[in-house]
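In: need coordinates for the below:
(chains A and B)
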Amino acid sequence: MNAATNLTVRSRGPWGLAFERLRHDRASIAAGATLVGVLLLAMFAPLIARLVGHGPGDQFLDVGLSSSGIPIGPNGTFLLGTDSLGRDVLVRIAYGTRVSLLVGVLASALAVFVGTVVGIAAGWYGGLIDRALSRLMDVVLSLPFLVFALALVAVVGPSLTISVTVIAFFTWASVGRIVRAQALSIRELEYVQAARTLGASHARIMFVEILPNVTTSVIVYTTLLIPGAIIGEATLSFLGLSVVPPTPSWGNMLADAMAYYKVAWWFVFFPGAALLITTVAFNVLGDSVRDALDPRRDTASRSSREEVA
Amino acid sequence: MLAHSGERLTAAHVSARPGEPLVSLEHIVKEFPVKSRGLFTRSREKVHALSDVSLEVRRGETLALVGETGCGKSTLARCVMRLHDLTSGRVVFDGSDITAASHAELQPFRRRMQMVFQDPYGSLNPRRRVGSIIGDPFDIHGLASGAARLTRVHELMALVGLNPEHYNRFPGDFSGGQRQRIGIARAIALHPDLIVCDEPVSALDVSIRAQILNLLANLQRELGLTYLFISHDLSVVRHVSNRVAVMYLGRVAEVAPVDNLYEHARHPYTRALLSAMPVPDPDRAAAREQIVLSGDPPSPLDPPSGCRFHPRCPRAEARCACEAPELAPAPGDAAEHLTACHFPLADHELLTTRTVGQRV
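Out: Okay, the predicted model is just below:
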């Protein structure tokens, strides 16, 4: 009996099917392509800097500024114009992408990890542990984000690590709540009972039985969490609480641009557009992923959309 | 289908002492506190799921547990499996008291008792491959891994009538009957002594039921299994069981060998339950006694005093409301046939429709 080679029907499994659906969804293809572009921009930022011959911190006070000290608009040398110190906006956006993606992905990953572990533990153990963890999540969700961030930065000083920590700290609880709610319903299902009758340990039930069944919503939530984290980072650096100048980030570019929006639209527009396009792409992808992972909800939302139309 | 049975899968150690009690349930009480709505108030209400249930399951037999929805039969099964902690009472498995055993102390017993669940869709994790589900018992108890585990999984799948080549598929790729076979394969993986079957066929198509019941019967013969078989389908119960326990609202109303129970039911509730059994013959169906009980079963939040059945019982008298009847042989019955009733029915005494619900 050689079972492996005799397989005639290949079982694709839930993940394979979801990927197949995603591949046939035009919105997800467009969003995915955009995000690949954003990723390439981040990866090849040094290459872009080399090609145009401007470093991210290089100030071209002579050619990059008009005679009256105003930034100059997009032209052959500065494709997206210059900023208030005569620096190349394109190169700075490319370098800013690195900060945004890094913080967005790291903070989301940290939040998802903590939120999933806490949520599963709260949902599975129930009782006192659940009550303690749920109250903790309530407290975290009720803390004011900016006030807390301002206070923290005032004490330890601005840095990338602080941004990641603060954003993750303020988002894990929402992941935790979703996961807890799901774990609460899954723990009552018969396959969890079956695992218990087999003598499975708490850890095994939480990570072998429950975790695979919450990953769907966790993945969907993660793709929707990343744009939030990117905006969070932009907010922090706009307020000067994240990466320290002269390191470029979309947020601190926008902050610099605020004083110039009347005379140098490109200075506001391009970093703002980069932020907008990236977050919209993540949101669209998140929606598509949700539809792909849960086809029943997909048809429901589609038919309701058709009804509206 | 069952011709293949590897050496490991025949159980030589079982049926060494047939007829002896494998599991004894002694005065089991299980109450569930009702969740309170308020933040600080704690509700005093309790669901009385099981009140003083004593039963024994004998080695090699099939003991059926029948009763309406909500009578506590599934709770009893879960108490046996120690999925619930008891409020009071004892569960004795093969001479060892496992009532208060810890997770670690229970491990050796987990190998010896397993459960087949009602819902073939709910009892298999939809995100895991069938081979890994059936192989779980070996993982958890550290008995086999890698190629050895796969071989065992293949053997088990063949034994329950599944194509072993399908081990790599997901539960969603199987039909209800096949899924129930997967659940059975998982339950017999460690060749346990006892299998608790919690309504194993009630979620299945009628055409599939017989196949699963025959599979269970064949496995019982080949592996020397003992079944605690929960069902509300009396025709299924008659077909599969040796003894039957009828439960009503958390208590055992009557226990007897299957033929005794069906031919000489003593408890009015048993009689009513049997009369509700469909008869596949219109002439006989019209001729027989039809008992329609009035009302619904009372709430287990506040069960009736005395005999739990007295508010709906046509034979109830004052004594039934204040004194709970003991589970004991009715006059003239064998020691095997226990009835919890102050006024057990004689063989030809009718409990007719007319009288039902007139006296409370």
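
In: how far away is the spatially most central residue of chain A from B:Gln211?
Out: Central residue of chain A (C-alpha atoms, centre = their mean): A:Ile226, 1.1 Å from the mean position. Distance, A:Ile226 to B:Gln211, by C-beta to C-beta, to the nearest Å: 50 Å. (Glycine included, C-beta is placed from N, CA and C.)

In: list the buried residues of the one helix or strand the residue nearest to the centre of chain A maps to.
Out: For A:Ile226, the host element (DSSP states H and E) is helix A:211-238. By neighbour count on 16 or more other C-beta atoms under 10 Å in any protein chain shown, the buried set for helix A:211-238 is A:211, A:213-238.

In: filter these by proximity to chain B?
Out: Subset of the buried residues of helix A:211-238 in contact with chain B: A:213, A:215, counting by C-beta under 8 Å from any C-beta of the partner chain.

In: where does chain B have its least confident helix or strand?
Out: Here the helix or strand of chain B ranked lowest by mean pLDDT, DSSP states H and E is helix B:282-287, holding a mean of 74.

In: off-centre distance for that one?
Out: Centroid separation for helix B:282-287 versus its chain: 30 Å, with C-alpha atoms, centre = their mean, to the nearest Å.

In: is chain B contacted by stretch A:166-183?
Out: No - counting by C-beta under 8 Å from any C-beta, chain B has no neighbours in stretch A:166-183; the shortest distance is 12.5 Å.

In: chain center to that stretch, what's the gap?
Out: Offset of stretch A:166-183 from its chain centre (C-alpha atoms, centre = their mean): 14 Å.

In: for stretch B:313-329, same thing?
Out: Offset of stretch B:313-329 from its chain centre (C-alpha atoms, centre = their mean): 25 Å.

In: which helices and strands sit right next to the helix holding A:Ile226?
Out: With contacts taken as 3 or more C-beta pairs under 8 Å, 6 or more residues apart in numbering or on different chains; DSSP states H and E, helix A:211-238 sits against helix A:89-125, helix A:145-156, helix A:160-186, helix A:250-257, helix A:265-293.

In: of all these, which lies closest to A:Val139?
Out: A:Val139 sits nearest to helix A:160-186 of all the helices and strands packed on helix A:211-238, at 8.4 Å, using C-beta to C-beta.

In: tell me the pLDDT at the most centrally placed residue in chain B?
Out: Geometric centre of chain B, nearest residue: B:Ile230, 2.5 Å, by C-alpha atoms, centre = their mean. We have a pLDDT of 93 for B:Ile230.

In: point out where the stretch 201-309 of chain A drops to low pLDDT.
Out: Where the stretch 201-309 of chain A drops to pLDDT under 70, the residues are A:294-309.

In: which non-adjacent residue is nearest B:Ser275?
Out: B:Ile291 (4.4 Å; C-beta to C-beta, 6 or more residues apart in numbering or on different chains).

In: ok, how many other residues are close to that neighbour?
Out: By other C-beta atoms under 10 Å in any protein chain shown, 20 other residues sit near B:Ile291.

In: in three-state terms, label it for me.
Out: State at B:Ile291, reduced to three classes by DSSP: H, G, I helix; E, B strand; the rest coil: coil.

In: from chain A, how far off is it?
Out: According to C-beta to the nearest C-beta, to the nearest Å, B:Ile291 stands 34 Å off from chain A.

In: isn't that residue right up against B:Met277?
Out: No - assessed by C-beta atoms under 8 Å, B:Ile291 is found out of contact with B:Met277, at 11.1 Å.

In: the helix holding A:Ile226 vs helix A:250-257, what angle?
Out: Orientation of helix A:211-238 against helix A:250-257 (axes from the mean of the first three to the mean of the last three C-alpha atoms, to 10 degrees) gives an angle of 20 degrees.

In: from the chain's centre, how far out does helix A:211-238 sit?
Out: Offset of helix A:211-238 from its chain centre (C-alpha atoms, centre = their mean): 4 Å.

In: confidence score at the closest residue to A:Val118 other than its chain neighbours?
Out: Take A:Val118 and drop its neighbours on the chain: the residue closest to it by C-beta to C-beta, 6+ apart is A:Gly176, 4.5 Å away. If you check A:Gly176, the pLDDT there is 94.

In: what does the one 10 residues further on give?
Out: pLDDT recorded at A:Ile186 is 92.

In: burial measure for it, as a count.
Out: Other residues near A:Ile186 come to 21 when the count uses other C-beta under 10 Å.

In: I'd say it and A:Val179 touch.
Out: No - contact criterion C-beta under 8 Å: A:Ile186 and A:Val179 do not qualify, at 10.0 Å.

In: may I have the secondary structure class of A:Ala18?
Out: Secondary structure assignment for A:Ala18 (three-state DSSP): helix.

In: who in chain B is up against chain A?
Out: Proximity of chain B to chain A, by C-beta under 8 Å from any C-beta, involves residues B:78, B:81, B:83, B:103, B:106-107, B:110-111, B:113-115, B:117-119, B:122-129, B:136-137, B:140-141, B:154, B:164-165, B:167-170, B:172-173, B:183, B:186.

In: drop anything exposed from those residues.
Out: Of the residues of chain B next to chain A, these count as buried by 16+ other C-beta under 10 Å: B:78, B:81, B:83, B:106, B:110-111, B:113-115, B:117-119, B:122-125, B:127-129, B:136-137, B:140-141, B:154, B:164-165, B:167-170, B:173, B:183, B:186.
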